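K.L.:
return atomic coordinates for the entry below.
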Amino acid sequence: MRDTLVRETGPEPQAAVIWLHGLGASADDFVPVIPHLNLAGCGDIRFLFPQAPSRPVTINQGMVMPAWYDILSLGLEREVDSEHLLASAQTIGQMIEQQVAQGIDSRRIVLIGFSQGGAVAYQTALSHPQPLAGLLALSTYLATADSLTLSDANRQLPVEIHHGSQDPMVPPQLAHKAAERLTQMGLAPRTRSYAMAHELCMAQLDDISSFLRQVLG
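P.N.:
The predicted structure is shown next:
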C-alpha cells in the first residue's frame, strides 16, 4: 500500500481520524475537506488517508485500479472477495494500533469510509478489540453482514450512515440494510439522506463536522 497521507490540525494531536477512499480513487481525495469541518474545540487532530493497493477489479473487466478488495458482481447482494476485504481491514486495524502506540487513546480514533472504503471501515471498526470514538459510513454498504461479529469493546460505538437518495452506484437500500443489521447487533446507528448522487455535499460536511465534534469534542 502506498504511503498514507497525514495531515495534522496542530502540533500535538490527541485524536485521529482515519478516512478511506472509494474504488479507483486516491488517498488525497478527501484532504481538501479538512478546512471545511470547523473542528475548533476538538484539540489537535491527526487525519490519516491511506491508499488502497492496485489490483484487477472483476466488475470493471479486470482493469487494474486502487481497490480495497475485488468486487465480483453488483446488485443488492454484492459478491466481494472477502479475503481481500479482511486483509484491508487488518491493515487499517494495524494503523489504529500504531496511533495508540504513538499516544492516542483508541477512544479518540474515528474511522470514516466512503463507498468501498466504507465497507472496510465497517469491518474494521465493528470488530476492533479496542473501543473507538466513532464510525462514519458514507455512501457504502455492509459487505460482511453475515459473518461480522461485533466486538465487546464497540457495543456502544457511535455510528452515522450517510447516503445520497439519488446514488446510482450504491443503491440507498444498501444503507438501509446496513442500518437494520447494526440495529440487530445492538447498535443505534443514525442515518442521514441527502439529495445527491455518489458524492459528498456541503450540507453533509456540516453533519460530518457535527459528528466529529460530538465524539471528539
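
K.L.:
contact partners for the residue nearest to the spatial centre of the chain?
P.N.:
Nearest to the mean C-alpha position of the chain, by Cα atoms, centre = their mean, lies Gly113 at 2.0 Å. Gly113 makes contact with 19-20, 119-122, 136-138, 140, according to Cβ atoms under 8 Å, 6 or more residues apart in numbering. C-betas here are computed from N, CA, C, even on glycine.

K.L.:
and it, that's in a strand?
P.N.:
Yes - under DSSP: H, G, I helix; E, B strand; the rest coil, Gly113 sits within a strand.

K.L.:
quick check: closest non-adjacent residue to it.
P.N.:
Ala121 (2.9 Å; Cβ to Cβ, 6 or more residues apart in numbering).

K.L.:
tell me if the one you found really is in a helix.
P.N.:
Yes - under three-state DSSP, Ala121 sits within a helix.

K.L.:
report the separation between it and Gln61.
P.N.:
Between Ala121 and Gln61 the computed distance is 27 Å (Cβ to Cβ, to the nearest Å).

K.L.:
which of the two has more neighbours?
P.N.:
Ala121 (27 against 7; other Cβ atoms under 10 Å).

K.L.:
so that one makes contact with Val110?
P.N.:
No - using Cβ atoms under 8 Å, Ala121 makes no contact with Val110, being 9.7 Å away.

K.L.:
what sits in contact with each of those two?
P.N.:
Common neighbours of Ala121 and Val110, counting by Cβ under 8 Å, 6+ apart, are 18, 135-136.

K.L.:
buried residues in stretch 194-202?
P.N.:
For stretch 194-202, burial by neighbour count (16 or more other Cβ atoms under 10 Å) applies to 194, 196, 198, 200.

K.L.:
let me fix that: stretch 202-213
P.N.:
Within stretch 202-213, the residues that count as buried by 16+ other Cβ under 10 Å are 204, 207-209, 211-212.

K.L.:
what's the helix or strand for Glu199?
P.N.:
For Glu199, there is no helix or strand it lies in under DSSP states H and E.
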